[in-house]
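# What shape does this take:
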Amino acid sequence: MSSENIIKVGGKQIEINDEVLLKVRKYVNTEMNLDELSKELGLDGWEEAYEFIKKIPAWMLRKYSKSLNKK
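Numbers count the residues shown, from 1 in each chain. Below is the predicted model of the structure:
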(Lines give C-alpha, C1' and ligand atoms only; values in the text may rest on other atoms or scores of the structure.)
Protein backbone atom coordinates (compact mmCIF):
# COMPACT_ATOMS: atom_id res chain seq x y z
CA MET A 1 0.00 0.00 0.00
CA SER A 2 1.63 3.19 -1.22
CA SER A 3 1.30 6.33 0.89
CA GLU A 4 0.18 8.24 -2.20
CA ASN A 5 -2.84 5.90 -2.42
CA ILE A 6 -3.98 6.68 1.12
CA ILE A 7 -6.12 9.53 2.35
CA LYS A 8 -6.17 10.25 6.07
CA VAL A 9 -9.49 11.33 7.58
CA GLY A 10 -9.82 11.70 11.32
CA GLY A 11 -7.95 8.76 12.80
CA LYS A 12 -8.54 6.57 9.76
CA GLN A 13 -6.55 5.86 6.63
CA ILE A 14 -8.52 5.03 3.50
CA GLU A 15 -6.73 3.29 0.66
CA ILE A 16 -7.83 4.52 -2.75
CA ASN A 17 -8.63 1.33 -4.63
CA ASP A 18 -11.23 0.26 -7.20
CA GLU A 19 -13.84 -0.50 -4.50
CA VAL A 20 -13.48 2.92 -2.86
CA LEU A 21 -13.51 4.69 -6.24
CA LEU A 22 -16.75 2.94 -7.19
CA LYS A 23 -18.38 4.15 -3.97
CA VAL A 24 -17.13 7.71 -4.40
CA ARG A 25 -18.19 7.83 -8.05
CA LYS A 26 -21.62 6.56 -7.01
CA TYR A 27 -21.80 9.49 -4.55
CA VAL A 28 -20.75 11.97 -7.25
CA ASN A 29 -23.09 10.68 -9.96
CA THR A 30 -26.25 9.86 -7.97
CA GLU A 31 -28.36 11.35 -5.21
CA MET A 32 -26.33 9.58 -2.50
CA ASN A 33 -25.69 11.95 0.41
CA LEU A 34 -22.63 12.30 2.64
CA ASP A 35 -24.22 10.25 5.45
CA GLU A 36 -24.66 7.32 3.08
CA LEU A 37 -21.13 7.71 1.76
CA SER A 38 -19.74 7.75 5.29
CA LYS A 39 -21.48 4.42 6.02
CA GLU A 40 -20.18 2.94 2.74
CA LEU A 41 -16.61 3.96 3.62
CA GLY A 42 -16.80 3.14 7.34
CA LEU A 43 -16.39 6.76 8.42
CA ASP A 44 -17.88 8.47 11.47
CA GLY A 45 -20.51 10.73 9.97
CA TRP A 46 -20.95 13.12 7.11
CA GLU A 47 -18.21 15.45 8.37
CA GLU A 48 -15.52 12.80 7.79
CA ALA A 49 -17.04 11.95 4.40
CA TYR A 50 -16.87 15.64 3.48
CA GLU A 51 -13.21 15.83 4.54
CA PHE A 52 -12.49 12.72 2.47
CA ILE A 53 -14.19 14.15 -0.64
CA LYS A 54 -12.20 17.39 -0.27
CA LYS A 55 -8.92 15.45 -0.19
CA ILE A 56 -9.48 13.05 -3.10
CA PRO A 57 -8.08 14.38 -6.39
CA ALA A 58 -10.86 15.43 -8.79
CA TRP A 59 -9.35 13.52 -11.72
CA MET A 60 -9.93 10.27 -9.80
CA LEU A 61 -13.68 10.86 -9.91
CA ARG A 62 -13.81 10.51 -13.70
CA LYS A 63 -14.72 7.20 -15.32
CA TYR A 64 -11.64 6.03 -17.24
CA SER A 65 -11.72 2.28 -16.89
CA LYS A 66 -14.47 -0.09 -17.98
CA SER A 67 -13.86 -2.11 -14.81
CA LEU A 68 -14.69 0.98 -12.74
CA ASN A 69 -17.94 1.74 -14.56
CA LYS A 70 -19.89 -1.02 -12.83
CA LYS A 71 -23.22 -0.10 -11.28
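
# now the helix ranked longest in the chain: how far from the chain's centre is it?
Using DSSP state H, we find that the single longest helix of the chain is helix 18-29. Helix 18-29 has its C-alpha centroid displaced from the chain centroid by 6 Å (Cα atoms, centre = their mean, to the nearest Å).

# Packing partners of that helix?
Applying 3 or more Cβ pairs under 8 Å, 6 or more residues apart in numbering; DSSP states H and E, one finds that helix 18-29 contacts helix 34-41. Every residue, glycine included, has its C-beta placed from N, CA and C.

# where does the closest residue to K55 other than its chain neighbours fall, phi/psi-wise?
Of all residues not flanking K55 in the chain, I7 sits nearest, at 4.9 Å (Cβ to Cβ, 6 or more residues apart in numbering). Here the main-chain torsion angles of I7 (degrees, to the nearest 10) amount to phi -120, psi 130.
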